[in-house]
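Asks: Model the following, please.
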Amino acid sequence: MCYLRKNTTGDLRGALRESKVTAMEFEWDPVKAQSNSKKHGVSFSDAALIFADSNMMTMKDHYDFRGAERGKFYRSLDQLKIPIYLDPEISKDLDNLLGKDKRDLTTIVNDILRKDIELLRTMNAGK
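Replies: Numbers count the residues shown, from 1 in each chain. I've put the predicted structure just below:
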């Protein structure tokens, strides 16, 4: 359970100093809280602090979409670019190896992958 009160100090680290929250109570299953903390690296009590953020934005109860353009932001899956995240040590190695290479990292990684794919195709063709 986590209680948030305006001007609270302690483990809330003064998060409520500028908050409009006067009192809010949270409770959760301790087993689920431990599992979530292990999985995501954030405790429920830390996550609850977002409600004390004076810059927090909330959604309206109702939005009027009558004048909205349907499908404006839709992209088919073949147009979707999926991000690929490099391990930190790979990224650092590439940065060190590239030095003053003027190509961007995306181009370089794509070139490396193309060569590796071609190598795999050659190896599989010999089977």
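
Asks: List the buried residues in the helix or strand hosting L119.
Replies: L119 belongs to helix 105-125 when assigned by DSSP states H and E. For helix 105-125, burial by neighbour count (16 or more other Cβ atoms under 10 Å) applies to V109. Heads up, the C-betas are built off the backbone N, CA and C, glycines and all.

Asks: What's the mean pLDDT across it?
Replies: When pLDDT is averaged along helix 105-125, the result is 90.

Asks: Assumed E25 was part of a strand.
Replies: Yes - under DSSP: H, G, I helix; E, B strand; the rest coil, E25 sits within a strand.

Asks: Give me the neighbour count for it.
Replies: Residues lying near E25 (other Cβ atoms under 10 Å) number 10.

Asks: Report the beta-bridge partners for it.
Replies: With DSSP bridges as the criterion, E25 is bridged to Y3.

Asks: Just the residues contacting the helix holding L119, thanks.
Replies: Helix 105-125 is touched from outside by 84, 86, 91, 94, 98, 101, with contacts defined as Cβ atoms under 8 Å, 6 or more residues apart in numbering.

Asks: which of those residues tops the neighbour count?
Replies: Sorting the contacts of helix 105-125 by how many neighbours each has (other Cβ under 10 Å) puts L94 first, at 15 neighbours.

Asks: quick one, what contacts it?
Replies: 86, 105, 108-109.

Asks: Mind picking the two most distant members of these?
Replies: By the measure Cβ to Cβ, L86 and I108 form the most distant pair in the contacts of L94, at 11.0 Å.

Asks: Give the residue spans of this structure that score low on pLDDT.
Replies: Along the chain, the model assigns pLDDT under 70 to residues 1-23.

Asks: mind running it again at 80?
Replies: Applying pLDDT under 80 to the chain flags residues 1-26, 50-59, 77-82, 98-104, 126-127.

Asks: Before I go, just wanted to say thanks for your time.
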